[in-house]
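Novice: Can you look at this prediction? I've put the sequence above it.
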Amino acid sequence: MVRLNTDVKVSPGDRQKISRYFEQFEKDAPNKLGNNPKDLIYAAKLIEHYHALQEEGGHICKLFQPGPLSIDRYTHHKAFFDATKLYKEVLFRAANRVGKSEAGAYAVSCWSTGIYPDWWDGRVFDRPTYGWACGDTNDTVRTILQAKLLGSPIGTGLLPKKNILDTVVRPNTGGTVDTIFVKHEPTGRVSQIKFKTYESKAKSFFGKDCDWIWMDEEPTGSDAMLIWNQAYTRLLTTKGNLIITFTPLMGWTPLVKEFAETAKDLTPRDE
């Protein structure tokens with residue numbers, strides 16, 4: 001496995017060069033790179049470092065970078081991120097397998113690390129944050145939310161490996177993480193990401209105020225609205241953000257009804 005060389009920094013310009021190299025190789029036209037050995041060595045080193053960054057470099061390198069994964073190609077994701085600047089509650093409602101959870105994890109990674117891409121026009125925190133990442137059960141939290149943020153092995157997800165200071169695992173849960181301690185890059189202080197499950201009922205949503213809450217899929221059952229209200233309450237003092245990413249598989253639920261009747265639709269219409 002290629003390891004990250006922390007002494008080397010890759011600028012956005014270099015990432016664009018890497019993307020061009022890949023495009024040329026994919027087009028089966030390596031002659032366009034030129035015959036200068038120094039250029040070829042530089043290209044090889046950049047590609048090698050690119051793979052290392054993809055492995056352990058976090059959200060700023062993995063998603064929405066120049067090239068095939070440019071944010072310009074993901075207008076719905078961009079609209080979701082941008083909305084967090086102006087709106088306290090933002091829902092990304094879409095079909096399965098379109099990257100809703102990736103969008104939630106990406107926002108959480110930015111807010112926790114304080115590392116924002118150049119194109120970011122969403123909410124910016126100038127200090128470490130404390131927030132909750134919420135899912136249905138311990139299993140879904142571990143296999144979806146935790147996997148996207150931490151990766152497997154730890155450090156290959158959207159949180160850069162160098163910013164993951166520590167993790168606390170819940171006992172008897174098969175490795176489900178309870179809390180991630182994250183270095184906030186601009187200040188050198190510590191953000192916290194705490195995982196919550198709807199199966200723990202509304203009582204687990206009482207307590208500490210949050211800067212942000214990410215709810216992946218909507219809570220269901222008799223405690224659903226109480227969980228929703230408690231999550232909202234945790235953000236009143238901090239004027240924090242509530243982001244929700246889900247596919248409405250449960251039909252016309254109170255949450256879906258509320259957004260349908262009161263929310264402003266920011267869906268891009270340019271496609």
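Specialist: Perfect, I can see it now.
Novice: Quick check: buried residues in stretch 199-214?
Specialist: Using 16 or more other CB atoms under 10 Å as the test for burial, stretch 199-214 gives Glu199, Ala202, Ser204, Phe205, Cys210, Asp211, Trp212, Ile213, Trp214. For every residue, glycine as well, the C-beta is placed using N, CA and C.
Novice: Am I right that the last one is in a strand?
Specialist: This points to Trp214. Yes: counting by DSSP: H, G, I helix; E, B strand; the rest coil, Trp214 is part of a strand.
Novice: While we're on it, how confident is the model there?
Specialist: Here, the pLDDT recorded for Trp214 equals 97.
Novice: Hmm, Gly104 and it touching each other?
Specialist: Yes: using CB atoms under 8 Å, Trp214 is in contact with Gly104, at 4.7 Å.
Novice: re earlier: ok, so of the buried residues of stretch 199-214, who is nearest Pro254?
Specialist: Proximity of those to Pro254 (CB to CB) peaks at Ala202, which lies at 14.5 Å.
Novice: Any stretches of the protein with poor pLDDT?
Specialist: 1-38, 49-50, 52-53, 270-271 (pLDDT under 70).
Novice: Arg73: neighbour count?
Specialist: Arg73: 11 surrounding residues under other CB atoms under 10 Å.
Novice: In the buried residues of stretch 199-214, find the pair that's most separated.
Specialist: Glu199 and Asp211 (24.4 Å).
Novice: Which strand or helix spans Asp178?
Specialist: In this structure, Asp178 sits in strand 177-184 according to DSSP states H and E.
Novice: for that strand, which positions count as buried?
Specialist: Within strand 177-184, the residues scored as buried using 16+ other CB under 10 Å are Val177, Asp178, Ile180, Phe181, Val182, Lys183, His184.
Novice: quick one: the fifth one and Gly114 touch, right?
Specialist: Spelled out, it's Val182. No: the criterion here is CB under 8 Å, and Val182 misses it with Gly114 at 9.2 Å.
Novice: shared neighbours, these two?
Specialist: Both Val182 and Gly114 are in contact with Pro128, Ser191, where contact means CB atoms under 8 Å, 6 or more residues apart in numbering.
Novice: Just give the number of residues close to Ala83.
Specialist: For Ala83, using other CB under 10 Å, the count is 20.
Novice: measure it to Leu266 for me?
Specialist: 6 Å (CB to CB, to the nearest Å).
Novice: same deal with Ile180?
Specialist: The value you get for Ile180 to Leu266, if CB to CB is used, is 30 Å.
Novice: for Val98, same thing?
Specialist: For Val98 relative to Leu266 (CB to CB), the value is 16 Å.
Novice: contacting residues for Arg170?
Specialist: Asn138, Thr176, Val177, Asp178.
Novice: Distance of it relative to Leu159?
Specialist: Distance from Arg170 to Leu159, by CB to CB: 18 Å.
Novice: With Trp119 instead?
Specialist: 20 Å.
Novice: measure the nearest residue to Gly151 once chain neighbours are set aside to Glu55 for me?
Specialist: In space, Gly151 comes closest to Gly157 once its chain neighbours are excluded; the distance is 3.1 Å by CB to CB, 6 or more residues apart in numbering. For Gly157, the distance to Glu55 (CB to CB) stands at 10 Å.
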